[in-house]
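Colleague: need a 3D model of the sequence below.
(2 chains)
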Amino acid sequence: MLEVVRWHFDPETGCPFWLEQASRLGWGPREEVRGFDDLKRFPPFEDEWLRGGPVRRWVPRAYRDDPVYVFETGGTTGVPKSRISIHDFRTDYELFSDTLPEEHFPRGASWLMLGPSGPRRLRLAVEHLCQHRGGICFSVDLDPRWVIKLIKKGWMDQLEAYKAHVIEQAVALLEGGHKVRCMFTTPKLLEALALALEARGSSIRRAGITGIFSGGTEFTPQWTRFATEELLDGATMTPTYGNTLMGLAASRAVTAEDGYTIAYYAPQPRAVIEVVDFDDPSKVVPYGQSGRVRLTTLTKEFFVPGFLERDEGEREPPCELYPWDGISGVRPFREISASTTVGVY
Amino acid sequence: MLDIPIIRWGEPYESLEVDTVVHFATGEPLARVSQANTGLLARDIRKAPWARSKLLEVPCDELAARLKAAADLYLNATLPLGSGRQSPDDFARQQSATTGLPEHLCRANMQKNHLVLSRMDAILDALTRGLDLRILTRGYGVESRGVTVSYQAQADALGMVLPSNSPGVHTLWLPVIPLQVALVLKPGPQEPWTPYRMAAAFAEAGIPREAISIYPGGAEMGAQVVGACDRCLIFGGTATVERYRGNPRIQVHGPGFSKVLLGDDVVDDWERYVDLMATSVAANSGRGCINCSGIWASRHTREISEALAAKIGPVEPRPPEDPSSQLAAFTVPGAAQGIWRQICAGLEEPGVEHATARYGPRLVAKERCAYLRPTIVHCDSPSKALANTEYMFPFASVVRCPQAEMLDRIGSTLVATAITDDGTFQRRLVAARHIDRLNLGAIPTVQLDWFQPHEGSIVDLLFRARAFQAPEEKLAG
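Modeller: Now for the predicted structure:
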């Protein structure tokens, strides 16, 4: 952690944004950050800083000659928030790859990436995950910005038509003889795909899928149970929680005995999730209590200290696989949930 | 505490997500209601033809007869409800506790539902204009007058997105089962009680359990019902009405903007109609779309507003178990305060007067809920913002408007009680397409005739009359 902080505030390696911020802090992060708690001395990270350009201000000087990707989040209206990436998305997904059971996600298998691509990280990341495991990845795109517009305008017929258009492509690929075994998709699309296959006398499992990697705040215990009992036909599904800023948090094993509780663990030390008091974000809540997600990202490409996410959940204790704090029951933060359109794709 | 499951074509299903419904005044938890994810219905709707087939095995007249038995069970029996059982008194208390409606009004609504169920054969006869119901089952047949007719069901299941605020609306969907169409119900979050009790009474009376599904949930579940069912009956505000206007799949029930119109020929005798107006405004705590929210006349409007204010203005909130309680509580935090702010803004407009002001504050805020006492305003012209407004409590505007302009200014009106003997005015009223139910004479807006359609016929929504030809020997049935 100390190495990453020094990296971002070293004029030889850091990015223009943080070097400029450092000049206003009145204290020296390189010298004065000695532990994780010292990161609280930074002012709250504002995601509005990510909106608009020039995006180069986020590129660490050490990487100025490397090919740089930019990934966007939001953007249904106005200027989207963007984050640069050089290797992070590959590293995040290679680490995540280690959590996937070989039995359900066999190496060398073809994958289907059924979800938002375009300016998002997902397409490249999932494709890399698949390639990292020796497979070839097929893609079907869905534009979430258009979906959100359709919902806001109340054009539900068009929404259904667009969903059907996406699912038709997925079914065609699954029936195309490519021996696709693994898939990334979102809960809504998985539901639609399973129903479409069932209507054709098939199923997710009979179409050849053995493992599904999925994500989203609509990933509730009830939905997971429903998918397990009624959609997957024996295929396995691993929920994840992630976003452009953090990377990917894997979940511990989800079981019926545990009430399908989904607990996510951030990929420490690259990113840290804390569940903090709604009124006092400097305080971590006790285990089992609800609070807002505070994210800290600590990679050499991107530094985010103490960003208050638009999500909340319950603090989970460490487990054998992930000996650090986790979070369960992730859902939109209560103060903005009414104005947020989630679970649309 | 009761655990209330989702019902999937008669089968209970306990969700991992529950919504705890609480007593509006005490906060006491009353029931944990399983919340459905939308995918459940997306899968289940494919079994709607099977659900309907269970009803088709029982003749319509037999189903109607079983509903008569269900009527008594609903009104008098202790019936299963989720993890427990529910007596009629429990029902009235629970419904009152979550909707804010006084208990005696809940009991009155039970009587309404009982009446509709127990008169179902006659109601169906009226709604189908005397059609032999076997023709609906078979899809075609020959009427008694010798004419070949065919009615094709447009849905295997009718989807319903029900409100929380007005228990009276349940009478609208009760005829669906004997028409051999299955039901997909999404209860209002504060009023799960009626759909479950009705389903329990139906089952005890021998209606096939497989014909009814109940999916409690949030707004996304309502959208799923609308998207999944070929025919839907939904309740909502003006925005919802506008959104689905003209959609033949969906019958929308929104604000009524119901009115009493006094003709120039009777307005000088306005005092004769004060009781009728007060009943129309304040019955059932003013919650229904058939409650009057506007009283229009060309003169004496200030006196009318003052007389009405004197009659209903003094009404005060009372405990829900008090048999004299006339006001329902607003149980959603901030709702009453928001409405009152809107009214106060409207009262600022020149030409608008608050006739009930002298009877004390209208907004009564309690620890966990709030009440709005009956409110009468006087508008000196239809152009005032409050002249055509509807709120979910006894609220009415008395609007001064020349009779000649009245029909052009009243806007969409669910129930118009027009008191006039002026033949010309009567003919214009009969022809006015923006009036749904017309009461020609001194009939309170809240008085329903169960033998007539309400805001569109349920039979017309569910069945399409079409041409049908076959050799004569095949028509006999």
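
Colleague: what residues does the one helix or strand residue B:227 maps to touch?
Modeller: Taking DSSP states H and E as the criterion, residue B:227 maps to helix B:219-228. If you take Cβ atoms under 8 Å, 6 or more residues apart in numbering or on different chains as the criterion, helix B:219-228 is touched by A:156, A:160, A:343, B:35-36, B:38, B:41-42, B:45, B:159-161, B:184, B:186, B:215, B:217, B:232, B:234, B:244, B:250. Placement of C-beta: from N, CA and C, glycine included.

Colleague: ditto for stretch B:122-129
Modeller: For stretch B:122-129, the external contacting residues (Cβ under 8 Å, 6+ apart) are B:60, B:64, B:116, B:133, B:136, B:175, B:178-179, B:450-453, B:457-459.

Colleague: and the gap between residue A:38 and residue A:29?
Modeller: Residue A:38 is 8 Å from residue A:29, where distance means Cβ to Cβ, to the nearest Å.

Colleague: okay, the two: which has more neighbours?
Modeller: Each of residue A:38 and residue A:29 has its neighbours counted (other Cβ atoms under 10 Å in any protein chain shown); residue A:29 has more, 22 against 16.

Colleague: for that one, what are its contacts?
Modeller: A:5, A:8-9, A:22, A:42.

Colleague: so which of those residues is the most crowded?
Modeller: Neighbour counts for the contacts of residue A:29 (other Cβ under 10 Å) peak at residue A:8, which has 26 neighbours.

Colleague: could you pull up the residues touching that one?
Modeller: Residues near residue A:8 by Cβ under 8 Å, 6+ apart: A:14-15, A:18, A:29, A:60, A:300, A:303.

Colleague: what strand or helix carries the residue in chain A positioned nearest to chain B?
Modeller: Closest approach between chain A and chain B, counting by Cβ to the nearest Cβ: residue A:222, at 4.1 Å. Using DSSP H and E, residue A:222 falls within helix A:221-226.

Colleague: give me the helices and strands touching that helix, please.
Modeller: The helices and strands touching helix A:221-226, judged by 3 or more Cβ pairs under 8 Å, 6 or more residues apart in numbering or on different chains; DSSP states H and E, are helix B:38-44.

Colleague: so where do the helices sit in the stretch 201-350 of chain B?
Modeller: Taking DSSP state H, counting those that start in this stretch as the test, the helices found in the stretch 201-350 of chain B are B:219-228, B:238-244, B:274-282, B:301-312, B:335-347.

Colleague: next one: the stretch 101-250 of chain A
Modeller: Using DSSP H, counting those that start in this stretch, helices in the stretch 101-250 of chain A cover A:122-132, A:144-153, A:156-174, A:187-199, A:221-226.

Colleague: lowest mean pLDDT across those helices, which one is that?
Modeller: Here the lowest mean pLDDT among the helices of the stretch 101-250 of chain A goes to helix A:144-153, at a mean of 90.

Colleague: and the host helix or strand of residue B:115, what's buried?
Modeller: Using DSSP H and E, residue B:115 sits in helix B:103-118. Neighbour-count burial for helix B:103-118 flags B:103-110, B:112-118 (criterion: 16 or more other Cβ atoms under 10 Å in any protein chain shown).

Colleague: ditto for stretch B:135-150
Modeller: The neighbour-count check on stretch B:135-150 (16+ other Cβ under 10 Å) flags B:135-137, B:140-141, B:149-150 as buried.

Colleague: those: which two are farthest apart?
Modeller: With Cβ to Cβ as the measure, no two of the buried residues of stretch B:135-150 lie farther apart than B:137 and B:149, at 13.2 Å.

Colleague: list the contacts of the residue nearest to the spatial centre of chain A.
Modeller: Centroid check for chain A by Cα atoms, centre = their mean gives residue A:242 as the closest residue, at 1.9 Å. Contact analysis of residue A:242 by Cβ under 8 Å, 6+ apart lists A:92, A:215, A:248-249.

Colleague: all strands of the stretch 151-300 of chain A, in order?
Modeller: In the stretch 151-300 of chain A, the segments counted as strands under DSSP state E, counting those that start in this stretch are A:180-185, A:211-215, A:236-243, A:247-251, A:263-265, A:271-276, A:290-298.

Colleague: run through who's touching the last one.
Modeller: So the one you mean is strand A:290-298. A:1, A:4-5, A:36, A:39, A:245-247, A:266, A:269-278, A:281, A:284-285, A:303-309, A:311-315, A:327, A:329-330, A:333.

Colleague: change it to 7 Å
Modeller: Residues outside strand A:290-298 that contact it (Cβ atoms under 7 Å, 6 or more residues apart in numbering or on different chains): A:1, A:4, A:39, A:245-246, A:269-278, A:281, A:285, A:303-309, A:311-315, A:327, A:333.

Colleague: got it, and the fifth one?
Modeller: Counting by Cβ under 7 Å, 6+ apart, the neighbours of strand A:263-265 from elsewhere in the structure are A:241, A:249-252, A:316, A:322, A:324, A:326-328, A:330.

Colleague: number of residues surrounding the residue in the stretch 301-450 of chain B positioned nearest to chain A?
Modeller: Chain A sits closest to residue B:334 of the stretch 301-450 of chain B, with a gap of 12.8 Å, by Cβ to the nearest Cβ. For residue B:334, the neighbour count with other Cβ under 10 Å is 10.

Colleague: could you chop chain A up by domain?
Modeller: Domain segmentation of chain A under automatic domain parsing yields A:1-43, A:44-339.

Colleague: in helices, which of the contacts of stretch B:122-129 fall?
Modeller: In this view, those that belong to helices under DSSP state H are B:60, B:64, B:116, B:136, B:458-459.

Colleague: can you pull out the low-pLDDT segments for the stretch 201-345 of chain A?
Modeller: Scanning the stretch 201-345 of chain A for pLDDT under 70 picks out the ranges A:217, A:336-345.

Colleague: what about the helices in the stretch 351-477 of chain B?
Modeller: Under DSSP H, counting those that start in this stretch, the stretch 351-477 of chain B gives helices at B:403-409, B:423-431, B:458-462, B:472-475.

Colleague: would you tell me which of these gets closest to residue B:288?
Modeller: helix B:458-462 (17.8 Å).

Colleague: export the closest one to PDB, keeping only CA atoms.
Modeller: The C-alpha trace of helix B:458-462 is given here as PDB (Å, rounded to 0.1, in the frame of the first residue of the first chain):
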ATOM      1  CA  ILE B 458     -64.800  -6.300 -17.700                       C
ATOM      2  CA  VAL B 459     -66.500  -8.500 -20.300                       C
ATOM      3  CA  ASP B 460     -65.400  -6.200 -23.100                       C
ATOM      4  CA  LEU B 461     -61.900  -6.200 -21.800                       C
ATOM      5  CA  LEU B 462     -61.700 -10.000 -21.600                       C
END
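
Colleague: show me what it is in contact with.
Modeller: Residues contacting helix B:458-462 (Cβ under 7 Å, 6+ apart): B:127-128, B:153-155, B:158, B:172, B:175-176, B:179, B:181, B:231, B:233, B:251.

Colleague: spatially, what comes nearest to the closest residue to chain A within chain B if we skip its sequence neighbours?
Modeller: Here the residue of chain B nearest chain A is residue B:16; by Cβ to the nearest Cβ that distance is 4.1 Å. Leaving out its chain neighbours, the residue that sits closest to residue B:16 by Cβ to Cβ, 6 or more residues apart in numbering or on different chains is residue A:222, at 4.1 Å.

Colleague: then residue A:248?
Modeller: The spatially closest residue to residue A:248, leaving aside those adjacent along the chain, is residue A:242, at 4.0 Å (Cβ to Cβ, 6+ apart).

Colleague: gap between the one you found and residue B:320?
Modeller: According to Cβ to Cβ, residue A:242 stands 49 Å off from residue B:320.

Colleague: export the domains of chain A to TSV and tack on distance to residue B:270?
Modeller: Listed next are the domains of chain A as TSV, based on distance: least, Cβ to Cβ, whole Å:
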stretch	distance to residue B:270
domain A:1-43	68
domain A:44-339	44
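
Colleague: buried deepest among those domains, which one?
Modeller: The highest mean neighbour count among these, using mean count of other Cβ atoms under 10 Å in any protein chain shown, belongs to domain A:44-339: a mean of 18.

Colleague: no further queries at this time; thank you.
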